[in-house]
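Enquirer: 3D model of this:
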Amino acid sequence: MDQDNRQTSLLLYNFLQSSGNNLFQTELKELDSELAVFGSRNGCSEQDYELQTDGNRCYFDMSREEFSDSENQEIIQRIATHLAQIGDNIESSIQPSLVDNLIQQFRIINLSAEDKRRYLDAAMQQMMQTIPLDLEQEKAQLLLAMLLAKKVMTHAPSLFRSIFYITVDYMNQNLITYIRNLVRNVSSRAVTYLTESYPQITVVIPW
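Expert: Numbers count the residues shown, from 1 in each chain. Below is the predicted model of the structure:
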């Protein structure tokens, strides 16, 4: 798994862990423990997942040596935790009909990874137009993508891995430069100061 995939996957993984959803904790633990990391390949995509027909699945291992840079991990974890806090304040703004529609689309038998990308992109465009956020566009897009994944997983646990992979792919396709800069620019010290000194502030983040 290359560096971009590691960072993006870890960001979404920690965002979901921070949700406090017991279902997510169980599913994320299974995702980790049923490990089949393709370390010699450039990441594990939704298409890789679809191609596993012999019972062997392609998983991201979030706790092992693939993330050997502990400082980088800590920064990503803190970013994800704080984004999850912001998400708690706006999650109710996501229209249930939009989530239900995406779930139904993802449940279509033999739906291709490309079709899933197209459906997710359409849902994201609708959310960006209908949910006003006092955040820069890329930050809002990142937050809404992870929130949408969380909502789909909550209402359709069977789609957990599918939506996880396709969301990581969406983030890599549309937000990778922003994520790189975010991780690069946010030091552990700065995030620690923000979250510990001003725990009541969940929206104003100088990223």
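Enquirer: and residue 84, how many neighbours does it have?
Expert: 22 (other C-beta atoms under 10 Å). Every residue, glycine included, has its C-beta placed from N, CA and C.
Enquirer: just say helix, strand or coil for it.
Expert: helix (DSSP: H, G, I helix; E, B strand; the rest coil).
Enquirer: contacting residues around it?
Expert: 15, 18, 19 (C-beta atoms under 8 Å, 6 or more residues apart in numbering).
Enquirer: longest helix in this protein, by residue count?
Expert: Taking DSSP state H as the criterion, the chain has its longest helix at helix 160-185.
Enquirer: tell me the buried residues in that helix?
Expert: With burial defined by 16 or more other C-beta atoms under 10 Å, the residues of helix 160-185 counted as buried are 160-172, 174-175, 178-179, 182-183.
Enquirer: most neighbours, which of the contacts of residue 84?
Expert: residue 15 (27 neighbours).
Enquirer: host element of it?
Expert: Using DSSP states H and E, residue 15 sits within helix 3-17.
Enquirer: which parts of that helix are buried?
Expert: For helix 3-17, by 16+ other C-beta under 10 Å, it's 4-17.
Enquirer: closest one of the residues you listed to residue 89?
Expert: Of all the buried residues of helix 3-17, residue 89 sits closest to residue 15, with 14.4 Å by C-beta to C-beta.
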